[in-house]
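Novice: Structure for this input, please:
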Amino acid sequence: MRELSLGNAPQISEIDRWLEWAQRSFDEIERGSREDRNPDALKAGLGLLDDLFSLTDPNADRILFFDDSEGAAGFLTVGTGLAITTTTLAVNLATTAQYLANTSGLVLSTDQVAASGALFPLTDGASIAWDMALGFNASVTLGGNRTLANPTNTIAGRTGAIVVTQDGTGSRTLAYGTSWEAAGGVFPVLYTAVGAKDIISYWVQSSTSIIITGILKAVA
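Specialist: Okay, here's the model as predicted:
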């Protein structure tokens with residue numbers, strides 16, 4: 001919270017203490033204890049003091065400001081993605097996990113968006129599960145003939161890829177769950193040499209329609 005000051009007033013964050021100081025200052029002016037009075041400034045100051053006395057405690061951290069369009073003091077209400085904590089106005093930045101999970105009401109930063117593109121390692125098994133809230137680019141090493149199960153937590157419009165690597169035996173095949181689709185119903189066939197690496201790309205049309213858009217075989 002940016003602290004409000006008037007003249008040589010000390011910076012005080014508590015409104016009640018500020019009002020107490022302001023009242024004492026204006027009392028001094030009325031008693032003629034200051035020689036360099038400015039009537040216009042005094043008038044404006046008394047008007048601001050009236051505004052401050054009319055405010056009620058919001059029971060939360062707020063920024064006190066002067067609204068020029070209204071000609072009055074008031075509390076600034078923060079919008080989505082911002083927060084006031086004690087004396088700090090902060091931006092609510094999304095973490096990588098929140099960006100992947102499509103959490104609303106947060107502000108994106110370029111480093112977190114970039115980090116979200118990292119490969120997320122999937123666990124090998126007869127049916128390979130993929131939670132896309134943990135990563136929309138993934139990798140897995142096949143230890144047998146496998147099925148890539150229907151992904152969970154998909155987001156329509158998202159694109160990505162999965163890097164599929166053959167183990168030390170090779171000749172591993174990959175089938176696909178019912179949500180996966182391919183042009184003409186022809187799914188890509190892996191290059192099965194020992195240690196071979198293929199990259200399968202996709203586009204999410206809906207939670208039940210993940211379209212395979214291509215495959216790069218035997219990537220070094």
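Novice: C-alpha only now, for contacts and for neighbours.
Specialist: Will do.
Novice: any idea how far residue 207 is from residue 124?
Specialist: Distance, residue 207 to residue 124, by Cα to Cα, to the nearest Å: 22 Å.
Novice: now swap in residue 160 and tell me
Specialist: From residue 160 to residue 124 the distance is 19 Å (Cα to Cα).
Novice: now do residue 181
Specialist: Taking Cα to Cα, one finds residue 181 at 21 Å from residue 124.
Novice: Name the spans of this protein whose pLDDT lies under the cut-off.
Specialist: Residues of the chain meeting the criterion pLDDT under 70: 1-19, 21-68, 70-79, 86-87.
Novice: the helices in it, which residues?
Specialist: Using DSSP state H, the helices of the chain run over 15-30, 39-54, 96-100, 110-115.
Novice: how does this structure divide into domains?
Specialist: 15-90, 113-216 (automatic domain parsing).
Novice: Run a quick neighbour tally on residue 141.
Specialist: Here the number of neighbours of residue 141 (other Cα atoms under 10 Å) works out to 20.
Novice: so how far is residue 197 from it?
Specialist: Separation of residue 141 from residue 197 (Cα to Cα): 9 Å.
Novice: Touching both of these two, which residues are there?
Specialist: 164, 165, 166 (Cα atoms under 8 Å, 6 or more residues apart in numbering).
Novice: Could you list which of the residues you listed belong to strands?
Specialist: 164, 165, 166 (DSSP state E).
Novice: May I ask which of those residues has the most neighbours?
Specialist: residue 165 (25 neighbours).
Novice: Can you name the residues bridging to that one?
Specialist: Counting by DSSP bridges, residue 165 is bridged to residue 141, residue 197.
Novice: if I pick it, what's in contact with it?
Specialist: Applying Cα under 8 Å, 6+ apart, the residues near residue 165 are 139, 140, 141, 142, 195, 196, 197, 198.
Novice: In TSV: these, plus distance to residue 175.
Specialist: Listed next are those as TSV, based on distance: Cα to Cα, whole Å:
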residue	distance to residue 175
139	16
140	14
141	14
142	12
195	19
196	17
197	16
198	14
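Novice: ok, those residues vs residue 89, which is closest?
Specialist: Proximity of the contacts of residue 165 to residue 89 was ranked by Cα to Cα; the top entry is residue 139 with 40.1 Å.
Novice: show me the contacts for the closest residue to that closest one other than its chain neighbours.
Specialist: Counting by Cα to Cα, 6 or more residues apart in numbering, residue 139 lies nearest to residue 163, which is 4.5 Å off, once chain neighbours are set aside. Taking Cα under 8 Å, 6+ apart, we find residue 163 in contact with 138, 139, 140, 197, 198, 199, 200.
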